[in-house]
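*Asks:* Pasting the sequence and the predicted model now:
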Amino acid sequence: CIGVVVVKTTGPIQGLVLAVIITVAVDLCLKGESQVVLLSVFVLAFLITLLLRQHITLLITAMCLAALSANVFVPPGETTALEEAPEAVVRTELPPVIHIILDEYMGVDALPGGVGGNLRSDTIELFVNNGFNLSGGAYSQYFTTYNSIGNTLNYASSNVDAWAYLEAKEPYTLTSSAYFEQLASQGYRFRIYQSSFLDYCRVPGISYRSCSTYAAESIKYVESLQIPAHEKAGFILSDFWRLSALRATFRAAYNRALGGSSLLARSLPFWSNRITSFGPLPALQTFARLAEDVSTSPGGEVFFAHLLIPHSAYILDENCAVHADTRQWRTRLITEHASERPNTHASRLLTYGAYVKQLRCTNRLLGDFFAELETSGQFGRSTIVIHGDHGSRINLTWPTKANLEHLVDSDFTDGFPTLFALKSPGTLAGFARDRSTLSALLAEAMGVQGPDDPRVFLYAGGEQPLLSHPMPSAWMAPRSLSSAR
């Protein structure tokens, strides 16, 4: 259709239309170039199309074939790289270590009142009855995944971004981990299960038996969904459109305009996010694969998995079935821009309703995983660490330095408290109410000195150091078990 429009127009109008198409294509391919660059592309494309207007049909054909080749003949998919060092000594006498990061799994003591029913007590029961010590007061000191995980895996705490442990670009790569190195020094080799967001398979000196990577935002997952074809098409288009800097600019301007007092501003709908991540779906497959791999392990292996569940988007019900009605699907926010409110009070409550269902699904997966390991005989001899990286992040306001005067207690308890559960020889099952950071808890589990700074760190803008800030006093006072049941 676009090609027909271009061919049917003539002169400057034809050049203008094609310049717009080329600019949008560059915008999507380069994933967020500045408006100055895109304006330059537009002007250059307009001039070129005027000069080459006699060959316009050939130019359009070449563009369409390039787009088709990029998106049909090179589909995204899972990749597995085997990186075992040939000289690695396998110490089969070492019991398995299972380390699972469940992205956006909020702490049980942080669930908002009136949300989730018996979810808190059910979660405590799940872990304690399976021999875990569950820390109800665990919290991350960081709102972002890369800062949280980079510091946690190094028993660290700092008011600067974690570039000492990670490559400072997406997709992120872990380049240093005191935790990995400590286990490797004991003779362990690693099997990694990760998303394309963060690569754990490049830490120097670590022996990797396998690394399995899934693309969390791949549109390949749309194919298997039992939803109408037109909705599948909508998700595919949204997946491309989310890459656009132009779209982000227009949406930010539109949503700012809604803050006005005019009748038009009050009557227009908010331009909200559409789901483009299907991270929970590969998590279902990875749990099954992880159970099988642990069950057949000879020993001496660390099974390290970072799973995007119960992470947004919320598309699963309590039984881990995909909601057939896509109107029930939600993301954790209605905008990702720090200058805007990520949720209203109404959208926050609705989103928590969807989040809780996916959280129950996650607990169901964990219960099934524990049962499979029990059947194989590996559960009792394994050391298992399960934790989140931050809270649900279903915030009313982004916890940043710029928004400091607008923050309320729920912005901290939505953003930072997370899961931490440990099962190991010598660790008693139970529920701990003390407040402690992820880095300190993992360091304690490994018998090393961890950080003693209890503050959280807020984004301060640009390259500025993060702003240190205390957690709310109401959160730091441990909550009684009976009061929330």
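*Replies:* The structure has been received and is ready for your questions.
*Asks:* Which residue ranges of this structure form strands?
*Replies:* Secondary structure of the chain (DSSP state E): strands located at 79-81, 97-102, 133-139, 172-173, 189-195, 198-199, 208-214, 301-307, 383-387, 420-423, 430-437, 456-458, 467-469.
*Asks:* okay if I get the ones you listed as JSON lines plus distance to Leu39, mean neighbour count and mean pLDDT?
*Replies:* Every residue, glycine included, has its C-beta placed from N, CA and C. Shown next, in JSON lines, are the strands of the chain (distance: least, CB to CB, whole Å; neighbours: other CB atoms under 10 Å; pLDDT from 0 to 100):
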{"stretch": "strand 79-81", "distance to Leu39": "37", "mean neighbour count": "10", "mean pLDDT": "48"}
{"stretch": "strand 97-102", "distance to Leu39": "41", "mean neighbour count": "23", "mean pLDDT": "98"}
{"stretch": "strand 133-139", "distance to Leu39": "44", "mean neighbour count": "25", "mean pLDDT": "96"}
{"stretch": "strand 172-173", "distance to Leu39": "30", "mean neighbour count": "18", "mean pLDDT": "96"}
{"stretch": "strand 189-195", "distance to Leu39": "34", "mean neighbour count": "23", "mean pLDDT": "96"}
{"stretch": "strand 198-199", "distance to Leu39": "34", "mean neighbour count": "20", "mean pLDDT": "96"}
{"stretch": "strand 208-214", "distance to Leu39": "36", "mean neighbour count": "21", "mean pLDDT": "94"}
{"stretch": "strand 301-307", "distance to Leu39": "39", "mean neighbour count": "24", "mean pLDDT": "98"}
{"stretch": "strand 383-387", "distance to Leu39": "46", "mean neighbour count": "22", "mean pLDDT": "98"}
{"stretch": "strand 420-423", "distance to Leu39": "48", "mean neighbour count": "25", "mean pLDDT": "98"}
{"stretch": "strand 430-437", "distance to Leu39": "45", "mean neighbour count": "18", "mean pLDDT": "94"}
{"stretch": "strand 456-458", "distance to Leu39": "34", "mean neighbour count": "24", "mean pLDDT": "97"}
{"stretch": "strand 467-469", "distance to Leu39": "34", "mean neighbour count": "16", "mean pLDDT": "97"}
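*Asks:* Let me have these in CSV, adding distance to Gln182 as columns.
*Replies:* Below are the strands of the chain laid out as CSV (distance: least, CB to CB, whole Å):
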stretch, distance to Gln182
strand 79-81, 24
strand 97-102, 11
strand 133-139, 20
strand 172-173, 20
strand 189-195, 12
strand 198-199, 20
strand 208-214, 16
strand 301-307, 11
strand 383-387, 13
strand 420-423, 15
strand 430-437, 18
strand 456-458, 24
strand 467-469, 27
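*Asks:* can you tell which of those strands is closest to Asn154?
*Replies:* Comparing those by their distance to Asn154 (CB to CB), the top pick is strand 430-437, with 12.8 Å.
*Asks:* List the pairing partners of the closest one within its sheet, with orientation.
*Replies:* When pairing is defined by DSSP bridges, strand 430-437 lines up against strand 133-139 (parallel).
*Asks:* how much does the strand it pairs with deviate in direction from strand 383-387?
*Replies:* If you take axes from the mean of the first three to the mean of the last three CA atoms, to 10 degrees, strand 133-139 sits at 30 degrees to strand 383-387.
*Asks:* quick one: strand 133-139 to chain centroid distance?
*Replies:* Mean C-alpha position of strand 133-139 versus that of the full chain (CA atoms, centre = their mean, to the nearest Å) differs by 21 Å.
*Asks:* Likewise for stretch 201-219?
*Replies:* 16 Å.
*Asks:* Just the CA atoms of it, as PDB, please.
*Replies:* Provided in PDB are the C-alpha atoms of stretch 201-219 (Å, rounded to 0.1, in the frame of the first residue of the first chain):
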ATOM      1  CA  CYS A 201      28.500 -16.200  30.200                       C
ATOM      2  CA  ARG A 202      31.500 -13.900  29.800                       C
ATOM      3  CA  VAL A 203      33.000 -13.700  33.300                       C
ATOM      4  CA  PRO A 204      36.700 -14.400  33.000                       C
ATOM      5  CA  GLY A 205      38.100 -17.500  34.700                       C
ATOM      6  CA  ILE A 206      34.700 -19.200  35.000                       C
ATOM      7  CA  SER A 207      34.200 -22.700  33.500                       C
ATOM      8  CA  TYR A 208      30.900 -22.800  31.600                       C
ATOM      9  CA  ARG A 209      29.400 -26.100  30.600                       C
ATOM     10  CA  SER A 210      26.500 -24.500  28.800                       C
ATOM     11  CA  CYS A 211      24.800 -21.100  28.200                       C
ATOM     12  CA  SER A 212      21.200 -21.000  27.000                       C
ATOM     13  CA  THR A 213      19.700 -17.600  25.900                       C
ATOM     14  CA  TYR A 214      16.100 -16.700  25.000                       C
ATOM     15  CA  ALA A 215      14.900 -13.500  23.500                       C
ATOM     16  CA  ALA A 216      12.400 -12.000  25.800                       C
ATOM     17  CA  GLU A 217      11.000  -9.500  23.300                       C
ATOM     18  CA  SER A 218      11.000 -11.900  20.300                       C
ATOM     19  CA  ILE A 219       7.800 -11.800  18.300                       C
END
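*Asks:* So what's the residue count around Ala402?
*Replies:* When counting by other CB atoms under 10 Å, one arrives at 14 neighbours for Ala402.
*Asks:* Could you double-check that it lies in contact with Gly461?
*Replies:* Yes - contact criterion CB atoms under 8 Å: Ala402 and Gly461 qualify, at 6.5 Å.
*Asks:* in the stretch 151-300 of the chain, which spans are helices?
*Replies:* Counting by DSSP state H, counting those that start in this stretch, the stretch 151-300 of the chain has helices at residues 178-185, 229-241, 245-257, 263-267, 280-295.
*Asks:* Which of those helices has the lowest mean pLDDT?
*Replies:* Between the helices of the stretch 151-300 of the chain, the one with the least mean pLDDT is helix 263-267; it has a mean of 48.
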